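Novice: sequence? don't have it. structure:
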């Protein structure tokens, strides 16, 4: 997930019985992997010198993607032709502020509401800036909910039906719940399954099929937390294991099959509802430490932060084809 990670991680345990996922190219500038026989295309090559390392991604109706650049404190739009437009730059934290686990200020998860409003998470180690931020079309960014300065708010999910945002804290091992209008954050879920095991715990988060799903980078798991009728968190269910270094993830459709970004290992894995999984894309396909994914129809968008490779942060697109 972050360039601060220094210890060697074990690789992904791929399931031999998982069904195949084929990827075919969409968008400009194709490359193909001889190992995986997958074709992927670059939507944009980003400028590493300007700190354009995409951490999280959300999609717009016209085919553009909006990303957070983790360490440059910027929210940017990437158009289908690869043009990058900075929409906002977050304030620099006070001198002496140290972001937990990462040291540098960190811009994490981002989601888009139907009216075009963007919501995203900013961690600085300072109480005046760490929290949930909002950017309305044509407006300026403003913080609408404070989160603990000793935490690392990372993944973000939106449930517009209930007017709720869920934020996964990778340091505190917590899922926070915040009203869409802003205000006080509530500690919604707090369990050992969300904890870190040396570096970062709860990471990516999605609302799907009546539950909040969370990945845990250190523990290598995908978790499902049911949302009860009262809106509280039900018991944590472990739905997949053996995915050490998992960052963000995205569901491929109405079912529970998902694609997972395995950051430090330079892989994307397909995870089936029974928890079995296999690698479907690797560094030979153009991955540069994938951080997050978004799916629209049968197209997957994969953001690559190049935190460890330090070569080519980029945005890839690939066509999802049901496995045989």
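Specialist: Great, that's in hand. Nothing here was measured: the structure is a model prediction, and the numbers come from that model. Numbering: from 1, shown residues only.
Novice: Look at the nearest residue to residue 70 once chain neighbours are set aside and give its secondary structure.
Specialist: Distances taken as C-beta to C-beta, 6 or more residues apart in numbering put residue 55 closest to residue 70, at 3.8 Å, once the chain neighbours are dropped. Just so you know, the C-beta spots here come from the backbone N, C-alpha and C atoms, and that holds for glycine as well. Of the three states, residue 55 takes strand under DSSP: H, G, I helix; E, B strand; the rest coil.
Novice: and what of residue 49?
Specialist: Assignment for residue 49 (three-state DSSP): helix.
Novice: helices and strands around the host helix or strand of residue 295, which ones?
Specialist: Using DSSP states H and E, residue 295 sits within strand 290-296. Under the contact definition 3 or more C-beta pairs under 8 Å, 6 or more residues apart in numbering; DSSP states H and E, strand 290-296 sits against strand 54-59, strand 246-251, strand 258-262, strand 267-271, strand 299-304.
Novice: make it 7 Å
Specialist: Applying 3 or more C-beta pairs under 7 Å, 6 or more residues apart in numbering; DSSP states H and E, we find strand 290-296 packed against strand 54-59, strand 246-251, strand 258-262, strand 299-304.
Novice: Let me know the angle separating the shortest one from strand 290-296.
Specialist: The one in question is strand 258-262. Interaxial angle of strand 258-262 relative to strand 290-296 (axes from the mean of the first three to the mean of the last three C-alpha atoms, to 10 degrees): 160 degrees.
Novice: Run the chain-centre distance for strand 258-262.
Specialist: 10 Å (C-alpha atoms, centre = their mean, to the nearest Å).
Novice: Same check on the second one?
Specialist: Relative to its parent chain, strand 246-251 has a centroid offset of 6 Å by C-alpha atoms, centre = their mean.
Novice: now residue 274: how far from residue 240?
Specialist: 9 Å (C-beta to C-beta, to the nearest Å).
Novice: between those two, which one's more packed in?
Specialist: Set side by side, residue 274 and residue 240 show more neighbours around residue 240, with 25 against 13, by other C-beta atoms under 10 Å.
Novice: who touches the more buried one in this structure?
Specialist: 221-222, 271, 275, 277 (C-beta atoms under 7 Å, 6 or more residues apart in numbering).
Novice: which two from those end up farthest apart in space?
Specialist: Largest separation among the contacts of residue 240 by C-beta to C-beta: 221 and 277, giving 11.5 Å.
Novice: list residues touching both of the two?
Specialist: Common contact partners of residue 221 and residue 277 (C-beta under 7 Å, 6+ apart): 240, 243.
Novice: The two: which is more packed in?
Specialist: residue 277 (26 against 23).
Novice: Can you report phi and psi for that one?
Specialist: Backbone torsions for residue 277, taken as degrees, to the nearest 10, come to phi -150, psi 160.
Novice: go on, residue 283?
Specialist: Note on residue 283: backbone dihedrals following degrees, to the nearest 10 are phi -60, psi -30.
Novice: What is the neighbour count of the residue nearest to it when sequence neighbours are not counted?
Specialist: Spatial nearest neighbour of residue 283, excluding adjacent residues (C-beta to C-beta, 6+ apart): residue 266 at 4.0 Å. By other C-beta under 10 Å, 23 other residues sit near residue 266.
Novice: My read is that residue 266 contacts residue 289, right?
Specialist: Yes - counting by C-beta atoms under 7 Å, residue 266 touches residue 289, with 6.1 Å between them.
Novice: Show the residue spans covered by the helices in the stretch 51-200 of the chain.
Specialist: Counting by DSSP state H, counting those that start in this stretch, one finds no helices in the stretch 51-200 of the chain.
Novice: Point out where it drops to low pLDDT.
Specialist: For the stretch 51-200 of the chain, no stretch is flagged by pLDDT under 70.
Novice: Just the strands from it, written as ranges.
Specialist: 54-59, 65-69, 74-78, 84-89, 106-112, 118-123, 131-135, 142-146, 153-159, 164-169, 174-179, 186-190 (DSSP state E, counting those that start in this stretch).
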